[in-house]
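J.: Sequence first, then the predicted structure, then my questions.
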Number of protein chains: 2
Amino acid sequence: MQLSDAEWIVMNLIWDSGPTEASDVIAALGADNGWSDATVKTMLHRLVKKGALTTEQIGKKYRYTVAVRRSACVRKASRSFLDVVFGGDAAPALLHLVKTSKLSEDDLDQLRELLDSKSGAKTKNSKNKGSKE
Amino acid sequence: MQLSDAEWIVMNLIWDSGPTEASDVIAALGADNGWSDATVKTMLHRLVKKGALTTEQIGKKYRYTVAVRRSACVRKASRSFLDVVFGGDAAPALLHLVKTSKLSEDDLDQLRELLDSKSGAKTKNSKNKGSKE
DNA sequence: CGTTTCCGATTACGGGCGTAAACTGTTTAC
DNA sequence: GTAAACAGTTTACGCCCGTAATCGGAAACG
């Protein structure tokens, strides 16, 4: 599933909130993004058409429900980003992102753990590396 | 500077190779991407029009030279990717990318070092702050 | 009931993009 | 020097996207 920038905003909301009515999407996103009601409705419609959302009719209203897994879309977008900007090479991308991102101590710790878990099961502690290079 | 996917391919080549003639761009990218000569020429022209490339006439031929810094484009694309897909939150993005990427032991070590250097340990040896990314 | 109100569907429109043919001017080969 | 080759410029076209007005049917209100 291939989402445009604006569609990501809508999908992110519905992934976070669960099935949502159009009016709620409009309320939640319209003002914030400067979208008119019509614009939001168009996007919902297009998302249904492309299979990212489904509508179920609840009583007389419709609810929009995600039909694709967020993780799949994230994976696809990430892959595309890596391919386009970094030629598919993840390492420079990660170095860049880490360098340019604000990360909390907690974030850093989580990342360290993840790195270690990817390093065989060696559970080596990274804290004792050479201090300067 | 905002580059389309196809434009990234062209720009990546010229960033890597330095000033390049159209024929060389066509030779390097055309077959590989299934682009006709005309397609490559169109993209070069559009990149000039949008200010990403300049043409200098060397003798009777033209060379296309980058007019924007790669780092600036990478930064912009990364920012946009983070904003769109992860709501601007770098930490989940990094966790995801690390999880889903194949990384060599060297890559992992480099990342660990970088993480450590970002940790409160803002040691006074700030000699490597102007990294090029 | 008829009219207003909601809400989803249809239609619209300009711009960007991928793709590429056609045009034009210059250089080169016969 | 006239034709072929090359290279940059114009024009083209269909699709996606952001943005939105309008249509049409059902519900609610008076």
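T.: Yep, it's here. None of the values given here were measured: they were computed from a predicted structure.

J.: Can you tell me the centre-most residue of chain A?
T.: Closest to where the C-alpha atoms of chain A average out (C-alpha atoms, centre = their mean) is residue A:74, at 5.1 Å.

J.: pretty sure that one contacts residue B:96?
T.: Yes. Taking C-beta atoms under 8 Å as the definition, residue A:74 is a contact partner of residue B:96 at 6.2 Å. For the C-beta atoms, the positions are set from N, CA and C on the backbone; glycine is no exception.

J.: shared neighbours of these two, anything?
T.: residue B:86 (C-beta atoms under 8 Å, 6 or more residues apart in numbering or on different chains).

J.: Quick check: which element contains the residue nearest to the centre of chain A?
T.: Residue A:74 is located in helix A:70-86, with elements delineated by DSSP states H and E.

J.: Going by residue numbers, what spans are strands in chain A?
T.: Along chain A, counting by DSSP state E, strands occupy A:20-21, A:53-58, A:61-66.

J.: May I see those strands arranged in TSV, with mean pLDDT as well?
T.: Listed next are these as TSV, based on pLDDT from 0 to 100:
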stretch	mean pLDDT
strand A:20-21	90
strand A:53-58	86
strand A:61-66	88
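
J.: Quick check: the residue of chain A nearest DNA strand C.
T.: residue A:22 (2.9 Å; C-beta to the nearest atom of the strand).

J.: quick one: that residue and residue A:42 touch, right?
T.: No. Using C-beta under 8 Å, residue A:22 is not in contact with residue A:42, being 10.8 Å away.

J.: the more surrounded of the two?
T.: Using other C-beta atoms under 10 Å in any protein chain shown, the more surrounded residue of residue A:22 and residue A:42 is residue A:22, with 17 against 13.

J.: mind listing the helices for chain A?
T.: For chain A, applying DSSP state H gives helices covering A:5-17, A:22-25, A:31-33, A:37-49, A:70-86, A:90-100, A:105-118.

J.: Redo those as a markdown table? Include distance to residue B:58.
T.: Output for those, formatted as a markdown table (distance: least, C-beta to C-beta, whole Å):
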| stretch | distance to residue B:58 |
| --- | --- |
| helix A:5-17 | 39 |
| helix A:22-25 | 55 |
| helix A:31-33 | 47 |
| helix A:37-49 | 47 |
| helix A:70-86 | 30 |
| helix A:90-100 | 31 |
| helix A:105-118 | 47 |
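
J.: Contacts only, for residue A:85.
T.: Residue A:85 touches A:93, B:8, B:73, B:74, B:77, B:78, B:81, counting by C-beta under 8 Å, 6+ apart.

J.: scratch that, residue A:84
T.: B:5, B:8, B:9, B:77.

J.: Just the buried residues of those residues.
T.: Those of the contacts of residue A:84 that meet the buried threshold are B:8, B:9, B:77, by 16 or more other C-beta atoms under 10 Å in any protein chain shown.

J.: Would you mind naming what in chain A lies close to DNA strand C?
T.: By the rule C-beta under 7 Å from any atom of the strand, the part of chain A lying against DNA strand C is A:21, A:22, A:23, A:38, A:41, A:42, A:44, A:45, A:48, A:55, A:61, A:62.

J.: can you tell me how far the first one sits from residue A:42?
T.: Taken as C-beta to C-beta, to the nearest Å, the spacing of residue A:21 relative to residue A:42 amounts to 16 Å.

J.: which stretches of chain A have low pLDDT?
T.: Counting by pLDDT under 70, chain A contains low-confidence ranges at A:120-133.

J.: Near DNA strand D, which residues of chain A are found?
T.: So far as C-beta under 7 Å from any atom of the strand goes, chain A lies against DNA strand D at A:2-7, A:33-36, A:38-39, A:41-43, A:46, A:50, A:60.

J.: Break chain A down into its structural domains.
T.: A:5-66, A:90-121 (automatic domain parsing).
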